[in-house]
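> Below are the sequence and a predicted model; questions follow.
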Number of protein chains: 2
Amino acid sequence: MAEIKILTESELRQCVALSAELNDVIADAFARLAEPGVVMPPVLSMDLPAVNGEVDIKTAWVPGVDNFAIKVSPGFFDNPAKGLASLNGLMVLLSADTGMVTAVLLDNGYLTDLRTAAAGGVAARYLAPQQVHTAGVIGTGVQARLQVEALLLERSIERLLVWGRDADKAAEYAAEQSRSLKLPVSVADSVEMLVQESQVVITTTPARQPLIRAEWLHPGLHITAMGSDSPLKNEIAPQVLADADILIVDRLSQSLERGELRTAVSTGVLSASIALPELSALCAGQHPGRSAEDQISVCDLTGTGVQDTVIADHALSLALRNGLGTSIHSK
Amino acid sequence: MAEIKILTESELRQCVALSAELNDVIADAFARLAEPGVVMPPVLSMDLPAVNGEVDIKTAWVPGVDNFAIKVSPGFFDNPAKGLASLNGLMVLLSADTGMVTAVLLDNGYLTDLRTAAAGGVAARYLAPQQVHTAGVIGTGVQARLQVEALLLERSIERLLVWGRDADKAAEYAAEQSRSLKLPVSVADSVEMLVQESQVVITTTPARQPLIRAEWLHPGLHITAMGSDSPLKNEIAPQVLADADILIVDRLSQSLERGELRTAVSTGVLSASIALPELSALCAGQHPGRSAEDQISVCDLTGTGVQDTVIADHALSLALRNGLGTSIHSK
């Protein structure tokens, strides 16, 4: 009789965290996406205006990975008033060969946070200049922390700038991060100043109006835009995408529908039939990524089911190795 | 700290089964679908030709129901050779107000079997003639058993006919069912004979070529076609739909895409813009259903997320009342 492993958020936190290995795992996931055989259907999105909520469901079947994940990501934005987090969810793992349920990862979005940050790390691996003096992060939430952690696994930096809509939160972020990263972290006066002083900029907000303008771009800048993952969000001006020397997306079809590319196309700045390289091509060695320190590069991340499948399968292996979880008979 | 309830198939089998109450629960689900406020996105379907598999994901948020289900239904058709069932899966329940995971129902498809059969019962409630002497079932699998059980909760019958491609399985079905139903059950010589002698016919097969022809229709016949739930399946000839006095679907958009209606439209027998009443209209009292004993009616069932949400929420209530399941802390 088969057993199903149930893992809680605290058990997952015990066995998986951001690391150079995790960046490698996610880079490998993208490399697999460049090969034939991956099945990754469009995101199932459910808007629930009656309760100010939404649910996204992502999945991908990846050849060579033992299990595939079905990830359920609810966002219920009245939750904070009830003392609950807005974002939650779980991942279900099915055997890639038989479809039998092998594990339920009750991660409350923890694995999503990790795989999202690791994709930023992978983008920096291929696209950031080799020499990064200053990195700038826009936003002050979980991803503003984790994205910098993932970047630091790929590049050394001398200082970090932060900008947030809420000045108090930005100050708090700077204070906390300078302690934990042992780096000078300061609040930028403006997004413009942050962009101009940084070689790597990471945007991590749910902004619906662009924060970054094309006139602020400068040679040797890399931008990772990871905030936009739904059709209403937009962090960077369409002209930024047009002016970049290298423009990479994690998944072209998703970026056109729910990433920065959507606005660039709807405003007529880019064509809907644009053929952009995906991050997978860089990870598979089919695209060189940055080839000169003075190029301007942009990477638009919307989050893919392949990342979910790979991190969930990886987390299950680590949990089993560490003897974690509750076993339930499947019958 | 919130608790998540984990329920196994055997625990679910202890607390929920086909019953008049369950038919009512499913009729109520359809009635709610007639009201505004239900959010039911299209099915997420994933074909996995490399492993002869497929996965369907269905969901619906239903006002007034405490939790909503996300159902994962894998079908891996090489499993029997490995000693495993082809169809499996689970349902995840989320709070309708907060999106927090409340339960994981490891039902291996059991609840899907029940809600599918109960929808057939509900269709019979509104569409079968009042007097049913003979019912005929096409197919010999789980639904061939459960659909008859659900019908018997709505109508008395004098005898049952069965037809299956595999004559041995049909004979076995007849022997078993005559014992368990305490009714005469016999194998029909042909589908034609079965249709001609029955007042209610239920088709439960994955046929890809129609089994029932229009020239066999007769006054006072009701057909429930529940087998087709994907674009390649087709159990009844398009002309049957055209000739019926009453043609009902469970969900028009789904029937056009993956039900009997798909073939009727693709062959030009019916128009893609046809406005057909849904089963929900009957359950909500907006459509009378059968209004004369000699009408010919057809109901095409493809299976809806509303049924999943309602049966999963119902099963969780019953399980909690019976003290079943394993509690896991959500953090």
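Received, thanks.
> my guess is A:Pro41 meets B:Leu44, correct?
Yes. Using Cβ atoms under 8 Å, A:Pro41 is in contact with B:Leu44, at 5.8 Å. For every residue, glycine as well, the C-beta is placed using N, CA and C.
> neighbour-wise, which of these two wins?
Taking neighbours as other Cβ atoms under 10 Å in any protein chain shown, A:Pro41 and B:Leu44 compare with B:Leu44 leading, 21 against 17.
> what bridges to that one?
Following DSSP bridges, B:Leu44 is listed with bridge partners B:Ile57.
> which ones are touching it?
Contacts for B:Leu44 (Cβ atoms under 8 Å, 6 or more residues apart in numbering or on different chains) come out as A:Pro41, A:Pro42, A:Leu44, A:Ile57, A:Thr59, B:Asp56, B:Ile57, B:Lys58.
> Contact partners for the last one?
What that stands for is B:Lys58. Going by Cβ under 8 Å, 6+ apart, B:Lys58 touches B:Val43, B:Leu44, B:Ile70, B:Lys71, B:Ser73, B:Gly303, B:Thr304, B:Gly305, B:Asp308.
> what about 6 Å?
B:Val43, B:Lys71, B:Gly305, B:Asp308 (Cβ atoms under 6 Å, 6 or more residues apart in numbering or on different chains).
> for those residues, which one is nearest A:Thr98?
Distance ranking of the contacts of B:Lys58 against A:Thr98, using Cβ to Cβ, places B:Lys71 first at 18.2 Å.
> Could I get the phi/psi values of the closest one?
Reported as degrees, to the nearest 10, the phi and psi values for B:Lys71 are phi -100, psi 130.
> Helix or strand: which one has the residue most central in space within chain A?
The residue lying closest to the centre of chain A (Cα atoms, centre = their mean) is A:Thr116, at 2.5 Å. Element membership for A:Thr116, per DSSP states H and E: helix A:110-127.
> Which SSE is immediately downstream of that helix?
Taking DSSP H and E, what comes next after helix A:110-127 is strand A:134-138.
> And the average pLDDT for that next one is what?
Confidence for strand A:134-138, expressed as mean pLDDT, is 98.
> What lies in contact with that strand?
For strand A:134-138, contacts defined as Cβ under 6 Å, 6+ apart pick out A:144, A:148, A:157, A:159-163, A:194, A:197-198, A:200-203, A:205, A:211.
> now stretch A:260-274
Against stretch A:260-274 from outside (Cβ under 6 Å, 6+ apart): A:Ala225, A:Ser228, A:Asn234, A:Ile236, A:Pro238, A:Leu241, A:Ala242, A:Ser255, A:Asp300.
> ok, 7 Å please
Residues outside stretch A:260-274 that contact it (Cβ atoms under 7 Å, 6 or more residues apart in numbering or on different chains) are A:225, A:228, A:231, A:234-236, A:238-239, A:241-242, A:249, A:255-256, A:300.
> Please report the number of neighbouring residues for A:Asp97.
Around A:Asp97 there are 17 residues (other Cβ under 10 Å).
> just to revisit the earlier point, just the buried residues from the contacts of stretch A:260-274, in PyMOL please.
Only the buried entries of these go into this PyMOL selection, using 16 or more other Cβ atoms under 10 Å in any protein chain shown:
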select buried, chain A and resi 225+228+234+235+236+238+239+241+249+255+256+300
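> From the contacts of stretch A:260-274, which shows the smallest pLDDT?
A:Ser228 (79).
> my read is that one is in a helix, agree?
No. Note on A:Ser228: no helix contains this position according to DSSP: H, G, I helix; E, B strand; the rest coil, which reports coil.
> Enumerate every residue touching it.
A:Asn234, A:Glu235, A:Arg258, A:Gly259, A:Glu260, A:Thr302.
> With that, I have no additional questions.
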